[in-house]
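Trainee: Okay, here's the prediction I keep looking at, along with the sequence it came from:
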Amino acid sequence: MKPSIFLGLIYVFVFASPAHAYIDPVTGSFLLQAIIGGFAAALVAIRRVREKVLGFFGMGAAVHETTSTEENTTDK
């Protein structure tokens, strides 16, 4: 993260004044749903990148080939 962005975020959180704002239940549930959805999307993205990296180095492909070969031998 760039130092200017980091310092800006610190400034916003340290010197923030009270907003005296109201968040209704619909807005609150929307924000909660967006946070949970973003977290789930991040987990899926991390998993896909991890699989691609392991596949590139040959570690992930061997696991998938072994399981598919075992499944084919048990079906016969």
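Mentor: Sure, I can see it.
Trainee: for the protein, what are the low-confidence residue spans?
Mentor: For the chain, applying pLDDT under 70 flags the ranges 1, 60-76.
Trainee: Which strands or helices does the longest helix seen in the chain pack on?
Mentor: Taking DSSP state H as the criterion, the chain has its longest helix at helix 25-56. With contacts defined as 3 or more Cβ pairs under 8 Å, 6 or more residues apart in numbering; DSSP states H and E, the packing partners of helix 25-56 are helix 59-75. No exception for glycine: its C-beta is placed from N, CA and C like everyone else's.
Trainee: then the helix or strand harbouring Leu7 to CSV, C-alphas only?
Mentor: Per DSSP states H and E, Leu7 falls inside helix 3-14. What follows is helix 3-14, C-alpha atoms only, in CSV (Å, rounded to 0.1, in the frame of the first residue of the first chain):
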residue,chain,number,x,y,z
PRO,A,3,2.4,5.5,2.2
SER,A,4,0.1,8.4,1.1
ILE,A,5,-3.0,6.2,1.1
PHE,A,6,-2.0,4.7,4.4
LEU,A,7,-1.5,8.1,6.0
GLY,A,8,-4.8,9.3,4.5
LEU,A,9,-6.7,6.3,6.0
ILE,A,10,-5.1,6.9,9.4
TYR,A,11,-6.1,10.6,9.2
VAL,A,12,-9.7,9.7,8.3
PHE,A,13,-10.0,7.3,11.2
VAL,A,14,-8.2,9.3,13.9
